[in-house]
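Novice: below are the sequence and a predicted model; questions follow.
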Amino acid sequence: MIELIDSHAHLYHKQFQGRLEEVIANASRAGVVQILSLGTTAANSRETLQMAEAHPGIFAGVGIHPNDWATSEPGDWERIVDLAANSRVVAIGETGLDRHWHDTPFEQQLLGFDLHLDLSDQLKKPVSIHCRECEDELIEHLRKRGKPIHGVLHSFCGNPQQASEFLDLGLYLSFAGMLTFSNKNLDPLRLAAQEAPIDRIMIETDSPYLSPHPFRGKQNEPARVQHTALKLSQLREMSLELLAEVTTANARRLFRLPLIQVPDSFT
Ligand SMILES: [Zn+2]
């Protein structure tokens with residue numbers, strides 16, 4: 001039986017409300033043994049941690065997404081800092097930079113991002129970084145810190161050059177459903193996924209977003225990480241079993257997740 005890890009999902013999302021047990025059972029059947037669920041606000045980061053405390057197979061990331069930064073309230077960042085100390089919190093984020101939406105002025109996004117990076121340094125917990133339409137600016141910003149970045153560029157969708165810059169910074173790369181879309185303009189992403197060092201790649205759904213082919217446009221859930229896993233194994237010309245083994249080992253190493261002892265310990 002293969003063991004997959006969905007390294008980035010949003011289980012607090014209203015689309016999962018009232019059906020978490022079903023979503024977990026679907027994931028289990030698809031070979032997903034652990035899920036890293038990330039918050040995007042102080043409130044849903046708290047909910048995420050509660051889910052992680054209730055389910056051995058769910059782990060939490062806490063943070064304020066760049067697009068939610070402008071609407072965060074006084075005290076929200078302090079709440080994140082408090083939550084982050086919990087042992088079920090294995091990542092800081094979702095954080096990052098976004099040039100697609102304009103919910104938060106870019107200068108403010110940078111300030112929020114730096115707080116997450118500093119917290120990650122302080123707690124030695126990896127960051128889960130979002131980047132939309134600003135890869136080069138993100139690379140430049142991270143370079144200025146002058147030290148390796150402990151974390152992952154989630155849902156990477158850049159080109160091989162950008163991939164190698166993120167890798168040089170010390171980051172892992174996580175691939176989502178876009179890998180399975182047939183769009184020509186995603187060929188550079190596929191090339192990056194082929195070339196990235198095997199010990200620095202992982203897979204994710206970003207549920208409920210980014211559903212892989214053949215479910216494109218539909219609500220995504222952690223079970224569907226198997227489609228991205230299969231596509232990545234084909235691109236890299238390796239067996240699904242081996243791809244699962246290495247991506248799972250990589251996610252466990254970065255997020256310091258425990259090995260699963262009992263196959264059905266998930267629920
Ligand atoms: Zn996300």
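Specialist: Cool, the structure landed.
Novice: same question for whichever strand or helix holds Ser45, mean pLDDT?
Specialist: Ser45 belongs to helix 42-54 when assigned by DSSP states H and E. Mean pLDDT, helix 42-54: 98.
Novice: next: stretch 99-111.
Specialist: 96.
Novice: next one: stretch 183-197
Specialist: 97.
Novice: how about it: buried residues?
Specialist: For stretch 183-197, the neighbour count (16 or more other CB atoms under 10 Å) marks Pro188, Leu189, Arg190, Ala192, Ala193, Ala196 as buried. Yep, even glycine has a C-beta here, placed from its N, CA and C like the rest.
Novice: that older thread, so which bits of the helix holding Ser45 are buried?
Specialist: Ala42, Asn44, Ser45, Arg46, Glu47, Thr48, Leu49, Met51, Ala52.
Novice: so how far is the helix or strand following that helix from its chain's centroid?
Specialist: Next helix or strand after helix 42-54 toward the C-terminus (DSSP H and E): strand 58-62. Distance of strand 58-62 from its chain centroid, counting by CA atoms, centre = their mean, to the nearest Å, is 10 Å.
Novice: so which elements touch strand 58-62?
Specialist: strand 32-38, helix 42-54, helix 76-84, strand 89-98 (3 or more CB pairs under 8 Å, 6 or more residues apart in numbering; DSSP states H and E).
Novice: of all the ones you listed, which one is nearest the ion?
Specialist: strand 89-98 (4.9 Å; CB to the ion).
Novice: CA atoms of that closest one as CSV?
Specialist: Taking Å, rounded to 0.1, in the frame of the first residue of the first chain, the C-alpha atoms of strand 89-98 are listed here in CSV:
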residue,chain,number,x,y,z
VAL,A,89,1.7,23.0,14.7
VAL,A,90,4.4,21.8,12.3
ALA,A,91,4.6,24.8,9.9
ILE,A,92,4.3,28.6,9.8
GLY,A,93,1.9,29.7,7.2
GLU,A,94,0.2,30.0,4.9
THR,A,95,2.3,33.1,4.2
GLY,A,96,3.9,34.7,1.2
LEU,A,97,3.4,37.3,-1.5
ASP,A,98,0.6,37.8,-4.1
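Novice: which elements pack onto the helix or strand that it is followed by?
Specialist: Following strand 89-98 in sequence order, the next helix or strand is helix 106-123 (DSSP H and E). Contact partners of helix 106-123 among helices and strands, from 3+ CB pairs under 8 Å, 6+ apart: helix 66-69, helix 76-84, strand 89-98, strand 127-132.
Novice: just to revisit the earlier point, I'd like to know which elements the helix holding Ser45 is packed against.
Specialist: Going by 3+ CB pairs under 8 Å, 6+ apart, helix 42-54 lies up against strand 32-38, strand 58-62, helix 76-84.
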